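In: give me coordinates for this.
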Amino acid sequence: MIVFQKNRDRIWKREKLKILQEKLKVKPQIKVAKESKIRKCQCCKTGNLHTILIFDQRGPT
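Out: A predicted model of the protein is given here:
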């Protein structure tokens, strides 16, 4: 019963938010795409960098 209540509240809030944004003439924020996990070379901006070893406080894992 608690899960149903949370979902219902979430839907209710989403509907009210849309109505309030229309009344206040607020534009919703545009989501910015996150950077890719595959990193590029910093010098030439080509090629893909791959993680071979990860170092922590003790050394490589």
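
In: residues touching residue 21, list them.
Out: When contacts are counted by CB atoms under 8 Å, 6 or more residues apart in numbering, residue 21 touches 27, 28. C-beta coordinates here come from the backbone N, C-alpha and C atoms, glycine included.

In: and it, helix, strand or coil?
Out: Classification of residue 21 using DSSP: H, G, I helix; E, B strand; the rest coil returns helix.

In: and it, how far from residue 28?
Out: 7 Å (CB to CB, to the nearest Å).

In: again with residue 45
Out: Computed as CB to CB, the residue 45 to residue 28 distance reads 32 Å.

In: same deal with residue 56?
Out: As judged by CB to CB, residue 56 and residue 28 stand 40 Å apart.

In: with residue 11 instead?
Out: In terms of CB to CB, residue 11 sits 17 Å off from residue 28.

In: tell me where this structure has strands.
Out: For the chain, the strands defined by DSSP state E occupy 39-40, 48-49.

In: count the neighbours of residue 32 for me.
Out: Residue 32 has 6 neighbours, counted by other CB atoms under 10 Å.

In: now it: how far from residue 19?
Out: Between residue 32 and residue 19 the computed distance is 26 Å (CB to CB).

In: need the winner for burial among the strands of the chain.
Out: Mean neighbour count, computed with mean count of other CB atoms under 10 Å, is highest for strand 39-40 among these, reaching a mean of 12.

In: strand partners (parallel or antiparallel) of it?
Out: Applying DSSP bridges to the sheet, strand 39-40 is found paired with strand 48-49 (antiparallel).

In: how far is the strand it pairs with from where the chain is centred?
Out: 22 Å (CA atoms, centre = their mean, to the nearest Å).
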